[in-house]
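Q: Can you look at this prediction? I've put the sequence above it.
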Amino acid sequence: MRRVSGSFCSLILVLAAIVVAIIPTGQAAAQGAPNGAPPVPAVLVSKAAEMDISDEAIFFGRVEATARVDINARIDGYLAEVAFTEGSMVQAGDLLFRIESGVYEANVAQARANLASANAAEKLTKLSYERSRELVSRKTVSQAQLDQDLAKYEEAQANVAARRAELTLAEINLGYTEIRAPITGRIGKANQSKGSLVGPASGSLALLVAQDPIHVAWPVSDKLFTEISKTRPDTKNVMVRLRLPDDSIYEHTGHIIYAEPSANSTTNTITVRAEFPNPDQLLVDRQLVNVLIASNDTQKYLVIPQDALLLDQQGAYVFVVNDENKVEIRRITTGPQRGLSLVVELGLKTGDRVITAGQQKVQPGMTVNATLAPEAAGN
């Protein structure tokens, strides 16, 4: 019994020592967060700043080739050669198709022979006429004979002209056996293969499209067109850029070349065209693009990062950190977007610190630990 009592006492002493060791630790933890207050939230802020921005408008446009040529055969014959690679660039004057030329070469030879015969006949009738004219003066040939010889001579001259025209036509048709590119551009699929019978009625042999430069056309409402014409009559002060289907910005800028002289009565729009260099053939005929129109003149606008913008049922607002590091809510009126920045028309002033990260952790009136965002700190 004594041994049991001694062991029990020893256990009590050990437990008491453990409790004493724990109590100071708990007190220290309680002192580290008095009254259980949460830590001050950390947020990133950026300063509202003025930026030089040009007026910009965005339209849906379509790429248009400066020239689209359907290559056609102008004579009948069998294709002897397709002389291009489909989809390749060709230069003006390059051979595209060759039609068998044997028949047309024979026609040229025949026409030349006919012309030579006509020339010989013309010379003979000329001699007869001149002889009759001399004999008439001697009164050994009648005037009727002279008139007859003159008519034969004039008929022979007309025959020479006709044979010369036949030779010219035969040479032209022989030239048509070689079909050459009328413009520089990219050629598409060959619609006929070697050995096919082609002619004027066989349709397009291939499509040739000019590539550089290239046009882009877009519709503008007649109201907006009138407003722009009044305020900016000089199109040289307007920069035209393109956003491609992959959302990248086309590296070359264009210039407006003209607007259509009449409006579309169905849509009440006026089509405007601009010209762009296209050395790498990134722009393709009939491709859909976004047209970005900007003035070279700039104005100062107050901007904030887009990340600062918040929306609710009442509209747009931002959280602002004041000089006491307390959060305020500001209702704002926004303008157009420019890259990653947003124009603010009302509600902020230059230098206001808007929260761009950590908005979900704050409420109006709350004290925060504000850190200037790295991109803003570099400004």
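A: Sure thing, it's come through.
Q: residue ranges for the strands of the stretch 251-379 of the chain, please.
A: Listed in chain order, the strands of the stretch 251-379 of the chain (DSSP state E, counting those that start in this stretch) span 255-259, 269-276, 288-305, 310-312, 315-321, 327-331, 333-338, 341-346, 353-357, 369-372.
Q: Name the spans of the stretch 151-300 of the chain whose pLDDT lies under the cut-off.
A: 228, 230-237, 295-298 (pLDDT under 70).
Q: can you pull out the helices in it?
A: Taking DSSP state H, counting those that start in this stretch as the test, the helices found in the stretch 151-300 of the chain are 222-231.
Q: for this structure, longest helix please?
A: Secondary structure of the chain per DSSP state H: the longest helix is helix 102-137.
Q: Show me what it is packed against.
A: Packed against helix 102-137 by the contact rule (3 or more C-beta pairs under 8 Å, 6 or more residues apart in numbering; DSSP states H and E) you find helix 143-175. Using the backbone N, CA and C atoms, a C-beta is placed for each residue, glycine as well.
Q: what angle separates the helix it packs on from helix 102-137?
A: Here the directions of helix 143-175 and helix 102-137 differ by 160 degrees (axes from the mean of the first three to the mean of the last three C-alpha atoms, to 10 degrees).
Q: now helix 143-175, how far from the chain's geometric center?
A: Distance, stretch centre to chain centre, for helix 143-175: 58 Å (C-alpha atoms, centre = their mean, to the nearest Å).
Q: And stretch 64-72, by the same measure?
A: 17 Å.
Q: hmm, back to that, from the strands of the stretch 251-379 of the chain, which stretch is densest packed?
A: Neighbour counts (mean count of other C-beta atoms under 10 Å) averaged over each of the strands of the stretch 251-379 of the chain peak at strand 353-357, with a mean of 22.
Q: Let's test this: mean pLDDT of that strand, rounded?
A: Across strand 353-357, the average pLDDT comes to 92.
Q: In terms of secondary structure, what does it contact?
A: Judged by 3+ C-beta pairs under 8 Å, 6+ apart, the packing partners of strand 353-357 are strand 42-47, strand 288-305, strand 315-321, strand 369-372.
Q: Columns distance to I214 on top of the ones you listed, output as TSV?
A: Shown next, in TSV, are the helices and strands packed on strand 353-357 (distance: least, C-beta to C-beta, whole Å):
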stretch	distance to I214
strand 42-47	41
strand 288-305	11
strand 315-321	40
strand 369-372	46
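Q: Among those, single out whichever gets nearest to N119.
A: strand 288-305 (62.9 Å; C-beta to C-beta).
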